[in-house]
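# Provide a 3D model corresponding to the input given below.
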Amino acid sequence: MQVQVHLHCYYHQRHPHAELERYCTSVHYYKRDMGWWNHLRILPFTVCSRPIKALRKTLLQDQYPIIAEVLHTIRIFKDPALQHRLKIYRHSNIEHQYYRALARAERQVLKKLYLYLESFKLLYFETYVKYATQVWAVNRLDAVQLQNRYPKVLNYYIPSFNGHAAPVIKPGTGDYILFHGNLNIAENILALDWIINALQHTHIKLIVAGKCNERSLQSKLKSYSWIQLVCSPDFDTMHQLISNAHVHVLYTHQSTGLKLKLLEVLFHGRYVVCNSLMLNGTAFNANRIWGLHVADRPQDFANTVKQLMQKQCVPDIANRALVLQTFTDSTLVKQISQLLFD
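Prediction:
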């Protein structure tokens, strides 16, 4: 299926990316206003720092559907001039809950204060969802929550695009456990702390990989001889780490949104051990998915990992393919094309 995409991007320090023009009919850039005064306004900083005057002028030049990615981009939906347009909010999290979880995990006082304040403002700003025509939610539970709050807006469960067509899993064995994620986010560091605490007596090799401040994280992990840090690996290196790991360990303290790293390891990883919150809103049932195990207590988590490390991997590809069928890009394209054009 071929469609024309007119992309609108906000930027701050990152410069416009010419490669986007290969895939889009047009690309429009808007510079963010990062002035401190935007922290003093009623609306969230993430919203106020994205001016909409130029965006409005461009959008009014046609009558195409508007898809706004994440909550802080939907302020334009309130404009009366767009009242009769098809306006779609592409949800990624219940943002005020997500920011509150980030605030709880944050240790820097000023950043913690900012996150709590932003969470409070996002709770108010979420009411702008009522100006949308549709919501495409990445999480089933979030979709239900938004439908209950905004019953006049059509809500659909559409998982995130992830670049996968079918699961590819290596048979055999690996000699390490893998924890991966953005290690510059305090929430992920809290998750790593929990996993280290759970696994510290197993002394099984744990590789920690992801975007990070190498110096500070190396200092944190230097006392653990069984942990290896791979800081900011490129795409190919990360893919190899995921494919070759024998067990993937995932943990979260909050359940909104969809954890893309969960999809990544289900498509390309061998065994997966996670806590129950990681599966919230996904419709995944660990009893029906080959290689997926749930453990919420540290001792149970460690015991499950130890048992799996001694087990030869003979993947049930058919099972994973069946479970993940609704998460493939081709399935998702069919869903959104029906909502946009049928």
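# longest helix anywhere in this structure?
Secondary structure assigned by DSSP state H gives helix 109-125 as the longest helix of the chain.
# what is the rounded mean pLDDT of that helix?
In this model, helix 109-125 carries a mean pLDDT of 96.
# alpha carbons of the helix or strand following it, in CSV - could you do that?
Following helix 109-125 in sequence order, the next helix or strand is strand 134-137 (DSSP states H and E). Listed next in CSV are the C-alpha coordinates belonging to strand 134-137 (Å, rounded to 0.1, in the frame of the first residue of the first chain):
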residue,chain,number,x,y,z
GLN,A,134,-9.6,8.7,17.4
VAL,A,135,-7.0,7.4,19.9
TRP,A,136,-4.6,4.7,18.8
ALA,A,137,-3.4,3.2,22.1
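# contacts for strand 134-137?
The contact list for strand 134-137, computed with Cβ atoms under 8 Å, 6 or more residues apart in numbering, reads 67, 86-91, 129, 143, 146-147, 150, 153-158, 336, 339. (Each C-beta comes from the backbone N, C-alpha and C, glycine too.)
# let's see that with 10 Å instead.
Here strand 134-137 makes contact (Cβ atoms under 10 Å, 6 or more residues apart in numbering) with 65, 67, 69, 74, 86-94, 129, 142-147, 150, 153-160, 257-258, 281, 332, 335-336, 339-340.
# so how far is the longest helix of the chain from its chain's centroid?
20 Å (Cα atoms, centre = their mean, to the nearest Å).
# can you pull the buried residues of it?
By neighbour count with 16 or more other Cβ atoms under 10 Å, helix 109-125 contains the buried residues Lys112, Tyr114, Leu115, Tyr116, Glu118, Ser119, Lys121, Leu122, Leu123, Phe125.
# which single one of those residues is nearest to His39?
Nearest to His39, judged by Cβ to Cβ, of the buried residues of helix 109-125 is Tyr114 at 7.7 Å.
# what about Ser243, how many neighbours?
16 (other Cβ atoms under 10 Å).
# okay, helices next: where are they in the stretch 51-200 of the chain?
Along the stretch 51-200 of the chain, counting by DSSP state H, counting those that start in this stretch, helices occupy 53-59, 95-105, 109-125, 140-149, 186-199.
# nearest to Arg320, of these?
Nearest to Arg320 among the helices of the stretch 51-200 of the chain is helix 140-149 (19.7 Å), distances taken as Cβ to Cβ.
# return the distance of the closest one from the chain's centre.
On the basis of Cα atoms, centre = their mean, helix 140-149 sits 18 Å off its chain's mean C-alpha point.
# stretch 198-208 now?
25 Å.
# now it: mean pLDDT?
Per-residue scores along stretch 198-208 average to 96.
# least confident secondary structure element in this structure?
helix 214-221 (a mean of 85; mean pLDDT, DSSP states H and E).
# from the buried residues of helix 109-125, which single one is nearest Asp79?
So of these, ranked by how close each gets to Asp79 (Cβ to Cβ), first place is Phe125, at 15.3 Å.
# if I look at that closest one, how far off is His246?
Using Cβ to Cβ, to the nearest Å, Phe125 is found at 44 Å from His246.
# pLDDT below threshold where in this protein?
1 (pLDDT under 70).
# all strands for it, in order.
6-11, 26-31, 66-69, 87-90, 134-137, 154-157, 177-180, 206-210, 227-231, 247-250, 271-274, 292-294 (DSSP state E).
# which other helices and strands does the last one contact?
Right, the one you point to is strand 292-294. Counting contacts by 3 or more Cβ pairs under 10 Å, 6 or more residues apart in numbering; DSSP states H and E, strand 292-294 packs against helix 260-268, strand 271-274, helix 298-309, helix 317-324.
# repeat that for the fourth one.
Strand 87-90 sits against strand 66-69, strand 134-137, strand 154-157, helix 329-341, with contacts defined as 3+ Cβ pairs under 10 Å, 6+ apart.
# how about those in a markdown table, adding distance to Arg50?
As requested, the helices and strands packed on strand 87-90 are exported to a markdown table (distance: least, Cβ to Cβ, whole Å):
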| stretch | distance to Arg50 |
| --- | --- |
| strand 66-69 | 11 |
| strand 134-137 | 20 |
| strand 154-157 | 24 |
| helix 329-341 | 24 |
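# the ones you listed into JSON lines, with extra columns for mean neighbour count and distance to Lys306?
Output for the helices and strands packed on strand 87-90, formatted as JSON lines (neighbours: other Cβ atoms under 10 Å; distance: least, Cβ to Cβ, whole Å):
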{"stretch": "strand 66-69", "mean neighbour count": "18", "distance to Lys306": "41"}
{"stretch": "strand 134-137", "mean neighbour count": "23", "distance to Lys306": "37"}
{"stretch": "strand 154-157", "mean neighbour count": "18", "distance to Lys306": "36"}
{"stretch": "helix 329-341", "mean neighbour count": "13", "distance to Lys306": "36"}
